[in-house]
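>>> Here is the input, now give the coordinates:
(chains A and B)
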Protein chains: 2
Amino acid sequence: MHENPFAVVAKPGDKVADLSTPRPIIDEDRLAANIARVQAYMDEHRLNFRPHIKTHKIPALAAEQVAAGAKGINCQKISEAEVFATAGFEDILITFNILGSQKLERLAALNERISGLKVVADSAATVDGLSEYFATHKPLEVLVECDTGGGRCGVQTPTEAIALAGRINDAEGLTFVGLLNYPKPGAAAEVQAFLSETLSSLKAAGIDCPIVSNGGSPSLFEAHLVTAATEHRAGTYIYNDRSMVRAGHCSEDECAMYVLATVVSRPTADRAVIDAGSKALTSDLLGFSDYGTVISYPDAVITGLSEEHGVIDLSKCTGRRPEIGEKIRIIPNHTCVVSNLFDTMVFHRDGVVTRVEEVAARGLVW
Amino acid sequence: MHENPFAVVAKPGDKVADLSTPRPIIDEDRLAANIARVQAYMDEHRLNFRPHIKTHKIPALAAEQVAAGAKGINCQKISEAEVFATAGFEDILITFNILGSQKLERLAALNERISGLKVVADSAATVDGLSEYFATHKPLEVLVECDTGGGRCGVQTPTEAIALAGRINDAEGLTFVGLLNYPKPGAAAEVQAFLSETLSSLKAAGIDCPIVSNGGSPSLFEAHLVTAATEHRAGTYIYNDRSMVRAGHCSEDECAMYVLATVVSRPTADRAVIDAGSKALTSDLLGFSDYGTVISYPDAVITGLSEEHGVIDLSKCTGRRPEIGEKIRIIPNHTCVVSNLFDTMVFHRDGVVTRVEEVAARGLVW
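Now for the predicted structure:
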């Protein structure tokens, strides 16, 4: 699908500076350093590490994460897990409540194909739906998702967690294998309290709980404070982005992705317009009031995006201002959603393209 | 690319209520009515109508727009125009300053393939770049883009517009064919003043200007107030969305697209979580503080999106609240960006799938 025979395809050896814009570009050395740095931290603290592949959706990158020491991967939907299972991954955790006959059928088929599939549940309805399917299929491993302050999915109290763990173990075709929480940055103590209380009660009830899966990228280097956890999940760290710099997780020099864009208009002295809009950078603000950091022009502010245009306010730039035709590099607010917009991702070292990977798990309906 | 043999593909005859979620769905009758309604307005006011295909990126829909009376189409990048040229469209206006050797080469190749290619320019740099290429190729038709208050690209004054029109006509390989403005809603008088002053001066200078292209969806039904215009461009009207309802352009019942989502969690009495996040609805707020209108639950507020989850605040719902497993329908803030996330689009009539179209022009790097 989406073949366009007229498109110019980047290839190894091409100069990044010559590539058509807009497109995200990944620095190989920063990518490798980001993988190594976080794995070293996890190893130091004897935490299993489970990278979330939603950030890149590229099997080759997950293979690099596993080669560095990661134990399995984290997917957010069945289609992602299907693509990664086809690529050879066996230990896949899908952190989603899976409901509905079409998804359950696909989940059962996926479970037959790989050895280490795991999903989460936070309600009796989800557990009962899973059991209805898996009673007559290969049994499925299920974790209870806990809301430790993240405010999304998850049971609200340790009491609810224990009841649901029991329901899973009582359900035909399901095995309770652990607890999982959706992260809230900077709340290690809160997370630890919820999880350790739940673990104590599970132990008292004689329910085995081999996995305690904590997560999150911005607070990744606080993972060791949650001593109840056996593993940590994170995605964004592999590329990093402006939100990770703000969180103090990394410096700008550790951001492996930038979006290459061309200045296509300078209608006024204070305004530049680039060819990267919301269909390249996305509208994700993540609390910022603008749409990315312009490398080499720190005082330039991307004030607005339409679909294929970005408007940059140059009024605070004291030195040189970008000219029409000039290519600029932007660190996006959020890399995971940028990945999701492009069918291929270009990698480089020192400005020369090293490889072009298909973003294999994007654009797939569940 | 992106083939997933395990994916369940929707097909004609399927019930929409049974489809896997999340995914956008288009109502055939509303689609046809939206096309007919706007074309009738343009016909009544003797304005040529040029639909912008960025909204749907599907050649079959553009064919319906042209069959209804549209004169040519509007694309925002070369890759879109390439796909639509392959599908048989000849009169294509690309409303973008095209710069850089790769894009210019592709533009020249595209110009050889179709009879009615047109682009815009708002600077000497763009004009000179085009001329450098087209001097030795089939000549290209160029419009001058004017900033009539939209604050994006465009020359700032009629004087600049006239100078640039002259430069185009003086440039080898280029022909000046018109003026174009990027719309600013509710500013018909301002647009009219800029365009009519420019037209008078062009006439005085003996420069022919056959096309005056005005645009915009929210202010579409003010198009007749800009009597200087010969044509109008608009995209969103074909699907409509929450922003178009707010603008007074249409009612909720005229929104042809909704995003079908499933409630996957009800962690608290006041919170529902659905399987549509920013990778289904996008983060486009367009001035709203939340992420769409939940049909049948008017008091439900989609307060936050992560990538694959949407969090809904139900605290203001006085009646029934959606339950786990229930499918809900959401009118997105902005349809054009939702289209861009999905490889295929499902159409229905009375809840039964009529066809599935490939979103052929998405995901293509320029």
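>>> okay, now A:A276: neighbour count?
Per other C-beta atoms under 10 Å in any protein chain shown, the neighbour tally for A:A276 reads 28. For the C-beta atoms, the positions are set from N, CA and C on the backbone; glycine is no exception.
>>> Oops, could you answer that again for A:T354 instead?
A:T354: 15 surrounding residues under other C-beta under 10 Å.
>>> got the contact list for the closest residue to it other than its chain neighbours?
Spatially, and ignoring its direct neighbours in sequence, A:T354 is nearest to A:F347 (4.9 Å; C-beta to C-beta, 6 or more residues apart in numbering or on different chains). Counting by C-beta atoms under 8 Å, 6 or more residues apart in numbering or on different chains, A:F347 touches A:I25, A:I26, A:D27, A:E28, A:L31, A:V353, A:T354, A:R355, A:V356, A:E357.
>>> what about A:F347, helix or strand, and which?
Remark: A:F347 resides in strand A:344-349, with elements defined by DSSP states H and E.
>>> Can you name the secondary structure element that comes next after that strand?
Note on strand A:344-349: by DSSP H and E, the next helix or strand toward the C-terminus is strand A:352-358.
>>> Please name every helix or strand in contact with that next one.
strand A:344-349 (3 or more C-beta pairs under 8 Å, 6 or more residues apart in numbering or on different chains; DSSP states H and E).
>>> State whether A:K118 and A:F96 are indeed in contact, as I suppose.
No: the criterion here is C-beta atoms under 8 Å, and A:K118 misses it with A:F96 at 11.2 Å.
>>> that older thread, can you tell me the strand partners of the strand holding A:F347 and which way each runs?
Strand pairing for strand A:344-349, determined by DSSP bridges: strand A:23-27 (parallel), strand A:352-358 (antiparallel).
>>> how about the residues of the stretch 51-200 of chain A near chain B?
Counting by C-beta under 8 Å from any C-beta of the partner chain, the residues of the stretch 51-200 of chain A close to chain B are A:54, A:76-79, A:82-83, A:96-100, A:102-103, A:105-106, A:109-110, A:122-123, A:125-126, A:129, A:147, A:151-156.
>>> what about 7 Å?
Those residues of the stretch 51-200 of chain A that sit near chain B, judged by C-beta under 7 Å from any C-beta of the partner chain, are A:54, A:76-77, A:79, A:82-83, A:96-97, A:99-100, A:102-103, A:106, A:109, A:122-123, A:125-126, A:147, A:151-154, A:156.
>>> Residues contacting stretch A:131-139, please?
Outside stretch A:131-139, the residues within contact range by C-beta atoms under 7 Å, 6 or more residues apart in numbering or on different chains are A:L104, A:A108, A:N111, A:E112, A:L140, A:A171, A:E172, A:G173, A:L174, A:T175.
>>> Repeat that for stretch A:229-236.
Against stretch A:229-236 from outside (C-beta under 7 Å, 6+ apart): A:38, A:42, A:47-52, A:54-55, A:71, A:74, A:195, A:211-217, A:220, A:223, A:244, A:335-336.
>>> Narrow the residues you listed to those that are buried.
When neighbours are counted using 16 or more other C-beta atoms under 10 Å in any protein chain shown, the contacts of stretch A:229-236 contain these buried positions: A:38, A:42, A:47-52, A:54-55, A:74, A:195, A:211-217, A:220, A:223, A:244, A:335-336.
>>> what's the neighbour count on A:T159?
Using other C-beta under 10 Å, the number of residues around A:T159 comes to 12.
>>> That one: which element?
Per DSSP H and E: A:T159 is located in helix A:158-170.
>>> correct me, but A:S283 touches A:G304?
No: A:S283 lies out of contact with A:G304 (C-beta atoms under 7 Å); the separation is 10.0 Å.
>>> more crowded one of these two?
Neighbour totals were compared for A:S283 and A:G304, and A:S283 leads with 21 against 17 (other C-beta under 10 Å).
>>> quick one, what contacts the more buried one?
Contacts for A:S283 (C-beta under 7 Å, 6+ apart) come out as A:L305, B:T282, B:S283, B:D284, B:L285.
>>> What about the first one? Give its phi and psi, please.
A:L305 adopts backbone torsions of phi -130, psi 130, taken as degrees, to the nearest 10.
>>> do the same with the one 4 residues further on
A:H309 has phi and psi values of phi -130, psi 140 when expressed as degrees, to the nearest 10.
>>> tell me the contacts of A:A228?
A:A228 touches A:Q192, A:L195, A:S196, A:L199, A:V212, counting by C-beta under 7 Å, 6+ apart.
>>> Name the nearest of those residues relative to chain B.
Nearest to chain B among the contacts of A:A228: A:L195, at 16.8 Å, using C-beta to the nearest C-beta.
>>> Surely the closest one and A:I211 touch.
No: between A:L195 and A:I211 there is no contact under C-beta under 7 Å: 11.3 Å.
>>> about what we covered before: can I have the buried ones of the contacts of stretch A:131-139 as a PyMOL selection?
Selection of buried members from the contacts of stretch A:131-139 for PyMOL, criterion 16+ other C-beta under 10 Å:
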select buried, chain A and resi 104+108+111+140+171+173+174
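>>> Quick check: strands, which of the contacts of stretch A:131-139 are part of them?
Those of the contacts of stretch A:131-139 mapping onto strands are A:L140, A:L174, A:T175, per DSSP state E.
>>> residue ranges with poor pLDDT in chain A?
Applying pLDDT under 70 to chain A picks out residues A:1-4, A:8, A:365-366.
>>> re the thing from before, so which of the strands paired with strand A:344-349 has the densest surroundings on average?
strand A:23-27 (a mean of 23; mean count of other C-beta atoms under 10 Å in any protein chain shown).
>>> before we move on, the earlier item: for A:G206, state which of the contacts of A:F347 is nearest.
Nearest to A:G206 out of the contacts of A:F347 is A:L31 (C-beta to C-beta; 45.0 Å).
>>> number of nearby residues for that closest one?
The number of residues near A:L31, taken as other C-beta under 10 Å, comes to 20.
>>> cool, A:G88 as well?
Here the number of neighbours of A:G88 (other C-beta under 10 Å) works out to 11.
>>> Doesn't it belong to a strand?
No: read with DSSP: H, G, I helix; E, B strand; the rest coil, A:G88 is coil and lies in no strand.
>>> Near chain B, which residues of the stretch 251-366 of chain A are found?
Counting by C-beta under 7 Å from any C-beta, the residues of the stretch 251-366 of chain A lying close to chain B are A:262, A:264-268, A:273, A:278-279, A:282-285, A:306-309, A:311, A:324-325, A:336-337, A:340, A:342-343, A:358, A:360, A:362-366.
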